[in-house]
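what's the 3D shape of this:
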Amino acid sequence: MSVRHFLTLLDLSPEELHGVIERAVEMKALHRQGAAGEPFHNKVLGMIFEKSSTRTRVSFEAGMAQLGGKALFLSPRDTQLGRGEPIEDAARVMSRMLDIIMIRTFAHEKLERFAEHSRVPVINALTDSYHPCQLLADIQTFVEHRGDPQGKVVTWIGDGNNMCHSYINAARQCDFELRIACPEGFEPDADLVAVNSDRVALVRDPKSAVKNADWVATDVWASMGQEDEQAHREAQFAGYQVNHELMSYARSDALFMHCLPAHRGEEVSAELLEDERVSVVWDEAENRLHAQKALMEFLLLSD
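The predicted structure follows:
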């Protein structure tokens, strides 16, 4: 059987994605009961980081430990990748020594090249194009609070970035309507939007985009590597802050999500972020742990 990778949400069928989410909810309950077991005994995860991380490193490393496995943290300073070793060579070598590998890097093409030459499953832990592990956690969070997202209205407010691209894939996989509100010049990939035009729409006005939404999400206006654009982006995104006033246009039971870290007072108001009647960001962050455990179990142990 060929090796399964998880580079975008589309690497799982809708049915497989549903199963991983169900298993994540179950694993969360088992963890709280102290009954998770050690299905990853003698399994080793390699974690390659070329971008900084808090939630990604902690969740993957803790997840492996909780299920009896081990994780190795590898930065560019720790490997020959930082000195120019071809990505194909690194993939061939590491995949002979490790059971599963996650990579957090810049160019999505680099991740694809690594996966093409790997003997073991490779997980996208964030590239400039996609962040599918975060969407696993986001979907799990919605399921826990509101049930199946099929047929719901989801609104993305802000930059058409890697998170936005993964929300587009999630709309396709989970069968929900996605409205994207962003300023001109900050749209998501046009081809990706076109392929999913039956369920994805660009809406300039945030209030119109949020109207009757069940789920509203945002991200920082300047992502890693864009720090020198901060002032320019703040000016362009004026009026795109998610706050209580904007959420008042959504359904009364709408949920707010943010992948974190958040810049209070910029893309989200401090008051909304801390309002646990609406904001589920802390559950969302915790669910990175359980969703990724379920994903790794699927990739490692499925027949």
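
contacting residues for the residue most central in space within the chain?
Nearest to the mean C-alpha position of the chain, by CA atoms, centre = their mean, lies Gln134 at 1.9 Å. By CB atoms under 8 Å, 6 or more residues apart in numbering, Gln134 lies in contact with 126, 163, 166, 259, 288. Backbone N, C-alpha and C define where each C-beta goes, glycine included.

reformat the residues you listed as a markdown table; add secondary structure.
Shown next, in a markdown table, are those (DSSP: H, G, I helix; E, B strand; the rest coil):
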| residue | secondary structure |
| --- | --- |
| Leu126 | coil |
| Met163 | helix |
| Ser166 | helix |
| Cys259 | coil |
| Arg288 | helix |
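
of these, which is the nearest to Val25?
Nearest to Val25 out of those is Arg288 (CB to CB; 13.8 Å).

ok so, going back, a markdown table for the contacts of Gln134, including pLDDT?
As requested, these are exported to a markdown table (pLDDT from 0 to 100):
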| residue | pLDDT |
| --- | --- |
| Leu126 | 97 |
| Met163 | 98 |
| Ser166 | 98 |
| Cys259 | 97 |
| Arg288 | 98 |
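
on that earlier part again, what helix or strand does the residue nearest to the centre of the chain sit in?
Using DSSP states H and E, Gln134 sits within helix 132-146.

after that helix, next one along is what?
strand 153-157.

ok, that next one: who's next to it in the sheet?
Strand 153-157 has the following strand partners under DSSP bridges: strand 177-181 (parallel), strand 215-218 (parallel).

out of the ones you listed, nearest to Glu26?
Short answer: strand 215-218, nearest of those by CB to CB, at 22.3 Å.

give me the mean pLDDT for whichever helix or strand comes after the closest one.
Sequence-wise, the next helix or strand downstream of strand 215-218 (DSSP H and E) is helix 230-236. Regarding helix 230-236, the rounded mean pLDDT is 89.

kindly report the same for stretch 167-181.
On average, stretch 167-181 scores 98.

same question, stretch 195-202
Rounded mean pLDDT across stretch 195-202 is 98.

any idea how far apart the tips of that stretch sit?
Length of stretch 195-202, first residue to last, CA to CA, to the nearest Å: 13 Å.

which of the residues in it are buried?
196, 200, 202 (16 or more other CB atoms under 10 Å).

for stretch 151-171, same thing?
Buried residues in stretch 151-171 (16+ other CB under 10 Å): 152-171.

one more: stretch 242-257?
242-243, 246-247, 249-251, 254-257.

rewinding a little: among the buried residues of stretch 195-202, which are in strands?
In strands, defined here by DSSP state E, the members of the buried residues of stretch 195-202 are 200, 202.

circling back to that earlier point, out of the strands paired with strand 153-157, deepest packed?
Compared across these, strand 215-218 shows the largest average neighbour count, a mean of 28 (mean count of other CB atoms under 10 Å).

C-alpha coordinates for it, CSV please?
Output in CSV follows, covering the C-alpha atoms of strand 215-218 (Å, rounded to 0.1, in the frame of the first residue of the first chain):
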residue,chain,number,x,y,z
TRP,A,215,-18.8,30.5,12.4
VAL,A,216,-16.5,33.5,12.0
ALA,A,217,-12.7,33.2,11.8
THR,A,218,-9.7,35.5,11.3
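
all strands of the stretch 1-150 of the chain, in order?
Remark: strands assigned in the stretch 1-150 of the chain by DSSP state E, counting those that start in this stretch are 44-49, 70-74, 100-104, 122-124.
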